[in-house]
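# Quick one, what's the 3D model for this:
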Amino acid sequence: MRATKHAVPRARRGRGLGMGGPLALVAVGLLVCVALGLTGVSGAGSGQPAGAAAGATAQSMPTTADGPDGATPSAVPPSPTAPSPSPTPSTGTASPSAPATSKPSVASKPSATATPSPSAAGSARTAAAAAAQAGRIEPGTSYQGVATSYDAADGNGACSFGPSGDLMIAAMNHTDYETSRACGAYVRVRTANGASVTVRIVNECPLPCAPGQLDLSHEAFAKLADLSVGRLPITWTLLSPGEPDGMSVRYKTGSSQWWCGIQVIGHRNPVAALEVRTAGGWRQLTRTDYNYFLSPDGGGCGGPIRVTDIYGEQLTVDGIALRPDVVQSTRVQFARH
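Okay, the predicted model is just below:
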């Protein structure tokens, strides 16, 4: 009986040990799986965003570094506002010291070696000034049109220069007259057969005179063809002649300290602007179609005058008295071009 009682507990203990072993193995296996699972999650999330981890299922991640500095390329595209550093000339690799916000080389200031020589700079400034000031009639440009003729009488016209003893003159078409900008310009006129004449613009040829058309005095037209021709195809270009000795200035009739009109006469090159000196500095006056520059409130009337030609040259004249309708010599002249 004792043996039987002892045998039963042993059997039960044996069965308990037999089941405990597998259970322990199962528990250990579960712990290993959990550990491996945790390790896998940690590896998938390190060094890249979740999107990159998901994308890694489609292709394997590189095992070697492909970047220029030995770093694994990021799956995130570079920001367009922060360009990558430009490579250094010596190695071609990314410069670690270059800031992400550095400006491209094209935006940098030019070096001193790129500065033109004084003579070249002067020519560039002259060309730029001529292009900016010339208006419709530009130096060095050949224009096509037609020549007609008119009776110039004493040579006076819309430019208000007054009578002229030299009748080699012309009226500029309304468009190219450009509110008297063409007044005083010297123009070389040529025909297809080689005949030519130089005329000074003293008048305006109103519409329907077309752009490019010049209405020559009878005397000037006769240098090119017989007056019976009527209309003659021509080309013409602006000149900067050597004839004029000095410019003159004239105040318009009725000018005073309260209002004045100022005109320049005998200038070698077309006048682009006229300024008077006031208490606030130089003041540019408005040009009229009858070739006077007006100061409607009298500012600067009787004071220094600064005249600019289409090449950008400026001449300052002082000592011109406020004497209406009197031509006063300045003894200065624009340079020849």
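# For G145, name its beta-bridge partners.
I234 (DSSP bridges).
# tell me the pLDDT at it?
The model reports G145 with a pLDDT of 98.
# Where does T175 sit: helix, strand or coil?
helix (DSSP: H, G, I helix; E, B strand; the rest coil).
# Residue numbering should commence at 389 henceforth.
Done: numbering now begins at 389, and the last item shifts to T563.
# Pull the contacting residues for it.
T563 sits next to R524, A598, P599 when contact means C-beta atoms under 8 Å, 6 or more residues apart in numbering. Where C-beta positions appear, they are placed from N, C-alpha and C, glycine not excepted.
# looking at it, the first one is touching R569, isn't it?
Yes: the pair formed by R524 and R569 meets the contact definition of C-beta atoms under 8 Å, at 7.4 Å.
# Quick check on these two: which one has the bigger neighbour count.
R569 (23 against 14; other C-beta atoms under 10 Å).
# how close does the nearest residue to that one once chain neighbours are set aside sit to T529?
Nearest in space to R569, with sequence neighbours left out and distances taken as C-beta to C-beta, 6 or more residues apart in numbering, is G523 at 4.7 Å. According to C-beta to C-beta, to the nearest Å, G523 and T529 sit 12 Å apart.
# which one of those two has more residues nearby?
Neighbours per residue (other C-beta under 10 Å) separate G523 from T529, with G523 holding more: 14 against 11.
# the strands in the stretch 539-688 of the chain, which residues?
557-561, 574-578, 584-593, 602-605, 620-627, 636-639, 648-653, 659-666, 669-672, 674-675, 681-683 (DSSP state E, counting those that start in this stretch).
# Quick one: closest of these to I708.
Proximity to I708 (C-beta to C-beta) singles out strand 636-639 among the strands of the stretch 539-688 of the chain, at 5.0 Å.
# Tell me the helices and strands packed up against that closest one.
Strand 636-639 is packed against strand 648-653, strand 715-717, with contacts defined by 3 or more C-beta pairs under 8 Å, 6 or more residues apart in numbering; DSSP states H and E.
# ok, back up a step: now, which of the contacts of T563 lie within helices?
Applying DSSP state H to the contacts of T563, no entry is found in helices.
# Let me have the residues you listed in a markdown table, extended by pLDDT.
Shown next, in a markdown table, are those (pLDDT from 0 to 100):
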| residue | pLDDT |
| --- | --- |
| R524 | 93 |
| A598 | 97 |
| P599 | 97 |
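# Nearest to Q721, out of those residues: which one, please.
R524 (24.0 Å).
# residues touching the closest one, list them.
By C-beta under 8 Å, 6+ apart, the neighbours of R524 are T563, D564, E566, R569.
# for V695, same thing?
Per C-beta under 8 Å, 6+ apart, neighbours of V695: M635, V652, H655, V659, A661, L662, E663, Q702, L703, V705.
# Of all the residues in stretch 538-558, which ones are buried?
A540, G543, G545, A546, C547, S548, F549, S552, L555, M556, I557, A558 (16 or more other C-beta atoms under 10 Å).
# May I ask which two of those are separated the most?
Top of the distance list for the buried residues of stretch 538-558 (C-beta to C-beta): S548 and M556, 18.8 Å.
# contacts for stretch 708-721?
632-645, 648, 653, 655-656, 689-690, 693, 703, 705.
# and the chain, what are its domains?
As assigned by automatic domain parsing, the chain contains the domains 530-627, 636-717.
# ends of the first one, how far apart?
When the termini of domain 530-627 are compared using C-alpha to C-alpha, to the nearest Å, they are 11 Å apart.
# again with the last one
End-to-end distance for domain 636-717, by C-alpha to C-alpha: 4 Å.
# For the strands of the stretch 539-688 of the chain, give me TSV that also has distance to L710 and mean pLDDT.
Below are those laid out as TSV (distance: least, C-beta to C-beta, whole Å; pLDDT from 0 to 100):
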stretch	distance to L710	mean pLDDT
strand 557-561	29	98
strand 574-578	30	98
strand 584-593	25	98
strand 602-605	34	98
strand 620-627	33	98
strand 636-639	6	98
strand 648-653	7	98
strand 659-666	11	97
strand 669-672	16	98
strand 674-675	19	98
strand 681-683	11	98
